[in-house]
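*Asks:* Sequence plus predicted model, see below.
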Amino acid sequence: MSDGSQNVVILSQRRLVRELLGELLRIRCGARIVAKLEALEISRAALTEATVLVCDPEGLSPAAVDAFLARLREQGRELRIVRIDESAADFSAEDIVTAVRGMHTRIHVAHERLTPQELDVMLAVAAGQRNTDIARRMRRSSKTIEKHRANLLRKLGLRTAAQLSAYAIHHGLLRADAIIAPRRPP
């Protein structure tokens, strides 16, 4: 893939693990989550799109997991298998991120696609400013700021201002102490 993104299938019987891994890999790797599976069944559509399979063997029979992975290899798929190994003392989420990225994969950072105006709006929204205040400072209409906000949320794959704040802090675009304290009602 030219932009360095990965199409990931997550296999875990634990729902929370599937959801958290999905968010972690989406944010940290720019991964596209093709499927989140609970059982050792993978659809052909997910398999044809997938470049990485993240497998959490917890609760699964080791023999069944090995047989499943062997079937995938027999089908001739070039699929990187990342096994979660919680038994290792130094196991961390960073290990999974590194394995999914691969050794030489360039990460495409979503905020690199933002226009300068969208980036300004992102930082202002992430810092807790209201659309009207942002519009006044940027000398634009509130409707223009709303459009920039909608575009940047879409481009980053986010839904809320809280997610936007977390994204900006995580990527070093905003310091956590720069976020404005909640306003008290007048």
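*Replies:* Perfect, thanks for sending it.
*Asks:* give the contact list for residue 168.
*Replies:* 122, 123, 126, 174 (CB atoms under 8 Å, 6 or more residues apart in numbering). Placement of C-beta: from N, CA and C, glycine included.
*Asks:* Tell me how far it lies from residue 102.
*Replies:* Using CB to CB, to the nearest Å, we find residue 168 at a distance of 26 Å from residue 102.
*Asks:* just residue 39 next, same as before
*Replies:* In terms of CB to CB, residue 39 sits 27 Å off from residue 102.
*Asks:* cool, and residue 22?
*Replies:* Distance, residue 22 to residue 102, by CB to CB: 18 Å.
*Asks:* for residue 125, same thing?
*Replies:* For residue 125, the distance to residue 102 - CB to CB - is 33 Å.
*Asks:* higher neighbour count, those two?
*Replies:* Legend: neighbour count by other CB atoms under 10 Å for residue 125 and residue 102, higher for residue 125 (21 against 15).
*Asks:* Output the lowest mean pLDDT helix or strand found in this structure.
*Replies:* Within the chain, confidence by mean pLDDT, DSSP states H and E is lowest for helix 44-49 among all helices and strands, at a mean of 68.
*Asks:* Contacts made by the very next helix or strand once past that helix with the rest, please.
*Replies:* Per DSSP states H and E, the first helix or strand lying C-terminal to helix 44-49 is strand 52-55. Strand 52-55 has contacts (CB under 8 Å, 6+ apart) with 6-12, 21, 25, 31, 42, 65, 69, 72, 79-84, 96, 100.
*Asks:* Around residue 51, count how many other residues there are.
*Replies:* 20.
*Asks:* Correction: the previous question concerned residue 141.
*Replies:* There are 12 residues near residue 141, going by other CB under 10 Å.
*Asks:* ditto for residue 85
*Replies:* Residue 85: 11 neighbours (other CB under 10 Å).
*Asks:* So it lies in a helix, does it not?
*Replies:* No: under DSSP: H, G, I helix; E, B strand; the rest coil, residue 85 sits outside any helix and is assigned coil.
*Asks:* what residue lies at the spatial centre of the protein?
*Replies:* Centroid-nearest residue in the chain: residue 26, 1.5 Å away (criterion: CA atoms, centre = their mean).
*Asks:* quick one: contacts for it?
*Replies:* Neighbours of residue 26 in contact, by CB under 8 Å, 6+ apart: 32, 33, 157.
*Asks:* same question, residue 146
*Replies:* Per CB under 8 Å, 6+ apart, neighbours of residue 146: residue 131.
*Asks:* Return the set of buried residues in the helix or strand where it lies.
*Replies:* Secondary structure assigned from DSSP H and E places residue 146 in helix 142-156. Neighbour counts over helix 142-156 (16 or more other CB atoms under 10 Å) mark 144, 145, 148, 149, 152, 153, 155, 156 as buried.
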